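# Fold the stuff below for me.
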Amino acid sequence: MAEKVLLTAESKKQLENRLNYLKSTGRAEMAAKIEEARSFGDLSENAEYDLARDEQAKMEQEIAELENKLHNAEIIDTSVKTDTVGVGSTVTFADLKTGAQMKYTIVGSQDSDPFANKISNESPIGKALMGAGKDAVVTAQTKNGAKTFKIIDIE
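Residues are numbered from 1 along each chain as shown. Model prediction:
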């Protein structure tokens with residue numbers, strides 16, 4: 001059984017739009033590009049044709065990946081409880097060693113963007129926070145070693 005891909009409704013719509021574009025406009029543009037490259041002559045020595053075929057293969061791979069993600073998509077319920085951390089929760093927590101406070105929203109891996117304060121529920125810190133309540137102390141095994149955090153607030 002394939003693993004579920006957690007998505008917001010907005011992310012799912014973006015993936016559907018990209019897939020529809022690639023299947024219609026993208027494929028038509030690629031066919032035209034290949035046809036143009038064919039017109040340049042001998043296919044055995046035609047770099048433009050080889051490049052166009054490589055681009056087509058990459059596009060078809062992206063289409064397959066998008067179809068797989070959408071097939072296995074599970075939409076995140078954004079009306080989350082605030083008693084424990086779950087996907088969709090915004091969590092304020094402090095590093096017990098440094099005292100530094102952080103505020104992140106827990107999202108599915110597809111929507112993860114640490115620069116926008118969105119971390120995946122599959123990341124080390126996301127996994128550690130999942131299911132914990134306010135004032136809980138959790139430990140995450142990061143690539144820089146174990147880090148211990150205290151949950152300050154869950155929104």
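
# For the top helix by length along the chain, enumerate the helices and strands it packs against.
Longest helix in the chain by number of residues (criterion: DSSP state H): helix 47-71. Using 3 or more Cβ pairs under 8 Å, 6 or more residues apart in numbering; DSSP states H and E, the elements in contact with helix 47-71 are helix 9-21, helix 27-38. Backbone N, C-alpha and C define where each C-beta goes, glycine included.

# Next one: Leu51 from Ala28, what distance?
Distance, Leu51 to Ala28, by Cβ to Cβ, to the nearest Å: 18 Å.

# circling back: between the helices and strands packed on helix 47-71, which one is closest to Ile119.
Among the helices and strands packed on helix 47-71, helix 9-21 comes nearest to Ile119, with 15.0 Å by Cβ to Cβ.

# So for the closest one, mean pLDDT?
In this model, helix 9-21 has a mean pLDDT of 90.

# quick one: contacts for Ser109?
Taking Cβ atoms under 8 Å, 6 or more residues apart in numbering, we find Ser109 in contact with Val5, Leu6, Ser120, Asn121, Glu122.

# Quick check: Lys127 touching Thr142?
No - Lys127 is not in contact with Thr142 according to Cβ atoms under 8 Å; the separation is 10.7 Å.

# got the phi/psi numbers for the residue nearest the centre of the chain?
The C-alpha lying nearest the average C-alpha coordinate of the chain belongs to Gln110 (Cα atoms, centre = their mean; 1.6 Å). Here is the backbone geometry of Gln110 (degrees, to the nearest 10): phi -70, psi -30.

# What of the one 10 residues further on?
Main-chain torsions, Ser120, degrees, to the nearest 10: phi -70, psi 150.

# count of residues packed around the nearest residue to it once chain neighbours are set aside?
Once flanking residues are discounted, Ser120 sits nearest to Ser112: 3.9 Å by Cβ to Cβ, 6 or more residues apart in numbering. Residues near Ser112, counting by other Cβ atoms under 10 Å, number 18.
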